[in-house]
Structures are given as C-alpha cells and as structure tokens.
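K.L.:
When you get a sec, could you give me coordinates for this:
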Amino acid sequence: MPRLLIVTTVAATLRAFLLPYARHFRSLGWRVDALSRGAASCPDCLEAFDACHEAPFSRKPWALRGIRPMNDAIRNLVAREKYDIVHVHTPVASFVTRMALRGLPAEVRPRIVYTAHGFHFHRGGSPLKNRLYLELERRAARWTDHMIVINEEDRHAVLDRSIIAPERLTHLPGIGLDLKRWSPDSVSVAGIRELYEELALAPGDELFLMVAEFNPGKRHRDALDALAKTGRRDFHLAFAGRGPLEEAMRGRAQKLGIAPQVHFLGQRSDIPLLMLASRATILPSEREGLNRSAMESIALGIPVLGADARGIRDLVTDPSRGALYPVGNSAALAAAMLVAVAAPFGEKPLPDPRWSIEGLLKEHEILYDTLLGRPRTPHTPRPGG
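P.N.:
Residues are numbered from 1 along each chain as shown. Model prediction:
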C-alpha cells in the first residue's frame, strides 16, 4: 500500500482545497495522512484522511517557536510511518518540512513534492524581500524531488532563475474545481430572489461581490474606494469572508459614506448563489497563486473585474471573462464597474476544462507513479471511494 503525507501550515487549507485528494487516493488503495496545525481538531479532515497529525506551524515565519523539536517530530513521524511521498503545500509548512527531511537516510527518505501556491517573491514586490524569498526557494528546491507551479509568472521564474531543473517542474492550472458544483444550473432563480431580500436590494440595484479573507494583500480598500468613485447609489458591494482588517474596512465604508451599500456577509457556504446574483466578481489583490474565486466565478458564467496581477491575469484572458485594471487603481476599477453595467460583457465566460478536479487528480496520479517508478495501469477505485 503506497503511503502519502499531505502537509499544510493550517487545517483550513486542507479543508478548502485538499480533501478531494485524500479521498481519491484512499479510494485507490493508498494510505493518506495529513500534517497541519489544527488538523486533529478538524472534523472534515478526520473524515477524509486516514490520520491527522499536529504540527505547531504558523503562517508568520517569525512567529515559529521550537524549530529543532518540530524538525525532530516531523522526521520521526515520516520515518515511523514510512511514507512514500510527502506532498507539501503553503510556504511555511513547505520550507520547514523539507528542511526537516533533508538529512534522512536514503532508505527511509520519501519522495518530496512541493506545490507553490504563488511564490512570495513577485513582480512589484520589495526588492529586499524578493531576494530573501528567492534564496529560500532556491535552498529548499535542493531538498525537493518535484515542484508544481500554478501560474505562468512562477513557471517563468523557476526556469529563468534556475530554481529547479525543468524536468522536475510541472505547471498545472490550480488544484481543481468541481465543475458540476460551479455550474449556473446549481442555483435557482428563487434563491437569488431570496438573497436580494436578505440584503434589502431593490429590483434595479446592481450587486458586486468580493470573496476573500480580510488581509492587506487582498486590497479590500480598493473595492470600497471604487464603489465610492462610481457615484452610483444603486451599486452594492458584498464581502464574503473574515479576517483581521474587517473592522477597519467597516470604518472605511462609513468614512466614504457608502456604508448602506456595503454588505459584510462573513463566512458563507452559498458562494455559487452569491456569485450568480452579482453583476461581476471583484478581485483587487496585489498577487495570487491562481485565484480560486475567479475560477469559480468564470465557471458560473460571471465575469471578473480583476487587478492585473499574477494569478489573476492567467484567468481573465479574454473579454468574456471580464476586465483587468492596474493594481491599486481604484478609479480604473470604478470605471470597469460602470462599464460592466452599461455595456455588459457579451458571451458568458466559460471555464477551462483543465480546471476540473478529475483531470488534476489524474495528473497527480501520473506524477506520483512516475516518482515511485510504478507502472501506469488503469486504477479502479475501491467501492465507496
């Protein structure tokens, strides 16, 4: 039985993106475990994985404590469980885990796969920070058997800066979308009507939606500034998500005089409904890996008004999918909002079939089998898998 360990900094990443991978490979007869902060207390993770192990990772590298004991614990776990593949995601967990495993004897060392969900060095970033993060990526690449990137800018960065050999690099379009769920047919007209009633919107009002955690890189302030600059009292903006800047954004909406038009919805499980009720999805981020909410919006036939940034420009590739504007230019975003209402985009945007979770699961099967030298034979999932 092949054994796979999936590692992320926090359990929220497992829950949001990686449960289908656990279920799929278990259905093929693999043992699949998770290592993350909070994994052992995540009910969805406990259901999807064979075992969930804890690690005191932090999203803030400077907040990490006890690196040596953590490294020892990771090495002991991997040696004890005899994993064939360790697949690391998210920056902190990826670096710490690869550093911990770098000195394992060959007979117990697993193959290590790293998915980069957007490098911390990027165009427009601080030169000092870019140099630091680039050096960290180069160092960790020495401890990596295969790297996966999910956008063109990162692919070029790897090749142009010789971070890892080309034959050890794969470019995949994200980590998968259930195109059956993200379909216009998944939401009823009655549901949209009920949402308008919930938000107290009039029949002629226009709704724009932003789905993102409230943190500085997502630039919620640009969306608020743009709404104010449209001068349209019939335009409304809904925020789905939580985060440390939420209260500051509530204050900014008040200061701009647009508080009655801004709806702070918190965490929502009905994102397809919210998107289909909206004129467009707004994405002002300064950088992304390959933005999931933009992919979801396009799959639902709703255009995206996005900043011209890594991981967004990869998706808004033709006029039917929406429009790009310069990062931080709220006046340009306001203009795009006005155009989206005055001259709606023609054809409905269509998702790229390569975004499908089924196809990306197959890509991972091929990669894992290649790394382990296993013959490629048709797999039949176990009943109930």
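
K.L.:
low pLDDT regions in the stretch 51-200 of the chain?
P.N.:
Residues of the stretch 51-200 of the chain that meet the criterion pLDDT under 70 lie in 59-66.

K.L.:
Please repeat the previous calculation with a cut-off of 90.
P.N.:
The model of the stretch 51-200 of the chain has pLDDT under 90 over residues 57-69, 91-92, 103, 105-108, 120-126, 129-130, 180-181, 185-189.

K.L.:
List the contacts of the residue located most distally from the centre of the chain.
P.N.:
Centroid-distance maximum for the chain: Glu107 at 34.2 Å, with CA atoms, centre = their mean. Contacts for Glu107 (CB atoms under 8 Å, 6 or more residues apart in numbering) come out as none. For glycine as for every other residue, the C-beta is placed from the backbone atoms N, C-alpha and C.

K.L.:
quick one, phi/psi of it?
P.N.:
Backbone torsions of Glu107, given as degrees, to the nearest 10, read phi -70, psi -20.

K.L.:
what does the one 10 residues further on give?
P.N.:
Note on His117: its backbone torsions stand at phi -90, psi 40 [degrees, to the nearest 10].

K.L.:
That one is in contact with Val88, isn't it?
P.N.:
No. Counting by CB atoms under 8 Å, His117 stays clear of Val88, with 10.7 Å between them.

K.L.:
more neighbours, those two?
P.N.:
Neighbours per residue, other CB atoms under 10 Å: of His117 and Val88, the larger number sits with Val88, 26 against 23.

K.L.:
That one belongs to a helix?
P.N.:
No. Looking at Val88 with DSSP: H, G, I helix; E, B strand; the rest coil, it is strand, so not inside a helix.

K.L.:
mind listing what's buried in stretch 362-372?
P.N.:
For stretch 362-372, a neighbour-count test (16 or more other CB atoms under 10 Å) marks His364, Glu365, Leu367, Tyr368, Leu371 as buried.

K.L.:
Pull up the gap between the second one and His87, please.
P.N.:
Note on Glu365: its distance to His87, by CB to CB, to the nearest Å, is 13 Å.

K.L.:
Same question for Ile271.
P.N.:
Applying CB to CB to Ile271 and His87 gives a distance of 26 Å.

K.L.:
Looking at those two, which is more packed in?
P.N.:
His87 (27 against 22).

K.L.:
Is that one bridged to anything, and to what?
P.N.:
Ile6, Val113 (DSSP bridges).

K.L.:
wait, what's in contact with it?
P.N.:
Leu4, Leu5, Ile6, Val7, Ile112, Val113, Tyr114, Thr115.

K.L.:
Roughly how far does the fourth one sit from Thr230?
P.N.:
For Val7, the distance to Thr230 equals 44 Å [CB to CB].

K.L.:
Of these two, give the one with the bigger neighbour count.
P.N.:
Val7 (29 against 22).

K.L.:
which residues of the stretch 151-300 of the chain fall in helices?
P.N.:
In the stretch 151-300 of the chain, the segments counted as helices under DSSP state H, counting those that start in this stretch are 152-160, 189-198, 220-230, 246-256, 271-276, 292-299.

K.L.:
TSV please, covering those and showing distance to Asp352.
P.N.:
Putting the helices of the stretch 151-300 of the chain into TSV (distance: least, CB to CB, whole Å) gives the following:
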stretch	distance to Asp352
helix 152-160	13
helix 189-198	26
helix 220-230	26
helix 246-256	32
helix 271-276	17
helix 292-299	8
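
K.L.:
Tell me how the protein divides into domains.
P.N.:
Annotated domains of the chain cover 3-176+356-372, 184-352 [automatic domain parsing].

K.L.:
Compute the first-to-last residue distance for the longest one.
P.N.:
Across its full length, domain 3-176+356-372 reaches 11 Å between end residues, using CA to CA, to the nearest Å.

K.L.:
And stretch 238-250, by the same measure?
P.N.:
Its first and final residues considered, stretch 238-250 spans 12 Å by CA to CA.

K.L.:
hang on, the earlier thing: highest mean neighbour count out of the helices of the stretch 151-300 of the chain?
P.N.:
Comparing those by mean neighbour count (mean count of other CB atoms under 10 Å), helix 292-299 ranks first with a mean of 25.

K.L.:
That one packs against which elements?
P.N.:
Here helix 292-299 touches helix 271-276, strand 280-283, strand 304-307, going by 3 or more CB pairs under 8 Å, 6 or more residues apart in numbering; DSSP states H and E.

K.L.:
To Ser183, which of the ones you listed lies closest?
P.N.:
helix 271-276 (8.2 Å; CB to CB).

K.L.:
Kindly export the closest one (C-alpha atoms) in CSV.
P.N.:
Written as CSV, here are the backbone C-alpha positions of helix 271-276 (Å, rounded to 0.1, in the frame of the first residue of the first chain):
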residue,chain,number,x,y,z
ILE,A,271,-20.8,31.3,-2.7
PRO,A,272,-22.3,30.0,-6.0
LEU,A,273,-25.6,31.8,-5.1
LEU,A,274,-23.8,35.0,-4.2
MET,A,275,-21.8,34.9,-7.5
LEU,A,276,-24.8,34.2,-9.7
